[in-house]
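> The following block contains a protein sequence and its predicted model.
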Amino acid sequence: MAEQHHLQDEATTMPVEIRHKYKFDFSGSSEGGSRHPENLDSFGSFPEKRSYFATAKGKLFLIADSKKYNSEFNASQMAIDSIQQNYFSYPSEDIAFCLQRAFDIANRKIYQHAQTNSLDRKVGATCSALVLTDKYAYIAHVGDCRIFRVSFRKTEQLTSEHTRVIEMMSRDEEGMVNVGGKPPYKTRTALTRALGVKLGVKVEVSKVPVSRDEYFVLCSDGVKSVDSEDIRNIVLSSSPNHACRRIIDMARDRGADDSATVQIIKIYQEFENQAEQAKQIETYAHVATPSVERGNLIPGILLFVLIVLFGMLYRDSITTRFPEVVEKLNPVTHYMEVTKPAPVAKAPGDLERGFAFLEEGELGQALTYFQRARKSDPSNQAAKRGIEIIAARHEQTANLYFSKGSWASALSYYKQASFLKPNDRQLKIQIGKCQNKLAVLNAEKRKEQQLALRNNQSARNESTASLVSKTPLLGEQRRPEWVAPGLDAGVDYQISGDNIQLFDNLRAKRVFGAGKLGRSEIEVTITPQSAGSTQRYGVIFGHQAEQGKKFQTYYLFTLQMNGEYTVQNINEAGTTFIEADKVKTELKTGQPITVRLKFGNKLAICYVNGISIDMVELGRSAEGGIGFFADPNTRVEFDNLKISPVVN
């Protein structure tokens, strides 16, 4: 059974004072074919109840076709839902960019769904989108659906079909190549692009100007047997509603057995009132057939010549006797020159950047821009929504760690969510549960560690003495050579003797020191010069420089201006949180912070401003190189580095 949709709003549905250049009449029809048990096509128009192009993002029309039937998954409908949602939700008026971004998200969503559910790799969808505004039509396209522009003068196909022709040799019943009777080759087409087949897809995006009395036609590959000339004849001779049905019927008559979908949009000019419309129609009726009776033409010309001669002869006497009349007929106009300022290019806003970082999973960066937008406009609901999304993601991550018994990691994320949602009582309850769990674990861990330290004190002293004689330590006599992989000196960092500065830009910065430490103690003065409350900076230790692990495996101790600290294990498999809590001393931007780390085989003791904050049991040896770290948009200075062996 065919699905049909028809829309034509009256002018009275909008406020009287709003003027629109164009309106449209839209209709769509879709039905399944004999090849598949279900209709594999999907289509729609958004927003659903508006027949004007007045908003900045215009009217969106979509058509999609699933590549393969699956009873549990409709790729074409997923593409339609994802594209329309992400197109309108993204806070930008750059239509081409919003379409490109919406197609990319839909492609990734379909691909991830197929991979997660172990579906066939051929699961995917072709899709075409049309956005109509008062000035332009924007097209985004992947696959073999088609979009036409039809007018009384010509028909244009606005999309190219992303297919290639495959030649197959014709074979007989025994599988041998048939060289007689039938053509030696037959052909079929294969798609070269579709949404959801792989993580990346190239989207064809273009735009064309819009004029009145034009038609735009979107159709799936189920009606490819109907050519552009047939489409033009049907569209210009029928209403959009009947034209959709006629095109599908023609495709069926020509043997089409696939799902078939057609959308037709007619654009016309809106008149303010009936008098204006009648005047326009009268102009059209008479402009092409002007006629003047020759008998009335000659007397008129003679009368005009006499009036001109009379005026030239008596001009001076007229201006002298009737100066008031002349002044009224020839008023003096005074002009004032006005200098118009040159247009200023509009830079991408904080909201655009925030949602872009949010889409990439960079929650810290996204939060910075959302908070900046809220600061400039406290009533900005889009920025508020972005912050709420970040808080929800932190809470989801915390719940995951909590279910696995990773109390420290859960606590860190619950605190980040609570910072953004300070009135959420449930978050405070979860924070208390994590802190209680950690208190019990830390008490047991410290007892075991103290016992182990006492039992192995003598062995460690001997190991330290041997290390001092065999391993070059980075002390006052020898400073490390610093390496900053992927960073640019002067742009991302600056090193001058013992002083290392990491600058505030969009890069995360890591600087590693050459050389290997055994059981040692390091102390450094850290001065955060510009850092948000949740942006991190700190010390790298236990860096492994072996082949294949360089700059990939290390421990990281970080601080935040809100007082929170973390200890993480970084390796090629990912990041593991070992410990997270809050320091007992106040941290302020611009004030130096003294950090001291004492580490041995699989143990690290952390001090901040002379106060011991934690004793952390590590999963592997902490012996290795050291370094420094800073989050993006964080400017921090490291100075007064001291390194010495632990001898007791």
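Everything's here; your move.
> could you show me where the helices are in this protein, in order?
Chain-ordered helices for the chain, with DSSP state H as the definition, fall at 75-89, 95-116, 228-237, 240-253, 274-287, 294-313, 315-321, 323-329, 350-359, 363-376, 381-403, 407-420, 425-455, 457-470.
> Pick the most buried one from those helices.
Across the helices of the chain, averaging neighbours per residue (mean count of other C-beta atoms under 10 Å) puts helix 407-420 on top, at a mean of 23. Every residue, glycine included, has its C-beta placed from N, CA and C.
> who are the neighbours of that helix, in terms of helices and strands?
If you count contacts as 3 or more C-beta pairs under 8 Å, 6 or more residues apart in numbering; DSSP states H and E, helix 407-420 packs onto helix 381-403, helix 425-455, strand 564-571, strand 574-582.
> Out of the helices of the chain, which gets nearest to D614?
helix 425-455 (8.1 Å; C-beta to C-beta).
> Report the rounded mean pLDDT for the closest one.
Confidence for helix 425-455, expressed as mean pLDDT, is 76.
> angle of that helix against helix 407-420?
Direction vectors for helix 425-455 and helix 407-420, defined by axes from the mean of the first three to the mean of the last three C-alpha atoms, to 10 degrees, enclose an angle of 140 degrees.
> For helix 425-455, which helices and strands make contact with it?
Taking 3+ C-beta pairs under 8 Å, 6+ apart as the contact cut, helix 425-455 packs with helix 381-403, helix 407-420, strand 611-617.
> ranking the ones you listed by mean pLDDT, which is last?
Set side by side, these differ in mean pLDDT, and strand 611-617 is lowest with a mean of 83.
> what's the spacing between that one and its chain's center?
The gap between where strand 611-617 is centred and where its chain is centred comes out at 41 Å by C-alpha atoms, centre = their mean, to the nearest Å.
> what's in contact with that strand?
Taking contacts as C-beta atoms under 8 Å, 6 or more residues apart in numbering, the residues outside strand 611-617 that touch it are 445-446, 449, 565, 567, 578-579, 581, 583-585, 602-607.
> Tell me the buried residues in it?
Neighbour-count burial for strand 611-617, with 16 or more other C-beta atoms under 10 Å as criterion, is recorded at 613-616.
> Lowest average confidence across helices and strands of this structure, where is it?
helix 274-287 (a mean of 44; mean pLDDT, DSSP states H and E).
> would you turn the helices of the chain into TSV with distance to P592?
Listed next are the helices of the chain as TSV, based on distance: least, C-beta to C-beta, whole Å:
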stretch	distance to P592
helix 75-89	44
helix 95-116	44
helix 228-237	74
helix 240-253	72
helix 274-287	75
helix 294-313	93
helix 315-321	90
helix 323-329	82
helix 350-359	31
helix 363-376	24
helix 381-403	30
helix 407-420	25
helix 425-455	28
helix 457-470	30
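> can you tell which of those is closest to I643?
Within these, the stretch nearest I643 is helix 457-470; the backing value is 12.3 Å (C-beta to C-beta).
> V636 touches I500, doesn't it?
No: with contact defined as C-beta atoms under 8 Å, V636 does not reach I500; the gap is 9.1 Å.
> Report the buried residues of stretch 503-510.
Buried positions in stretch 503-510, judged by neighbour count with 16+ other C-beta under 10 Å: 503-504, 507-510.
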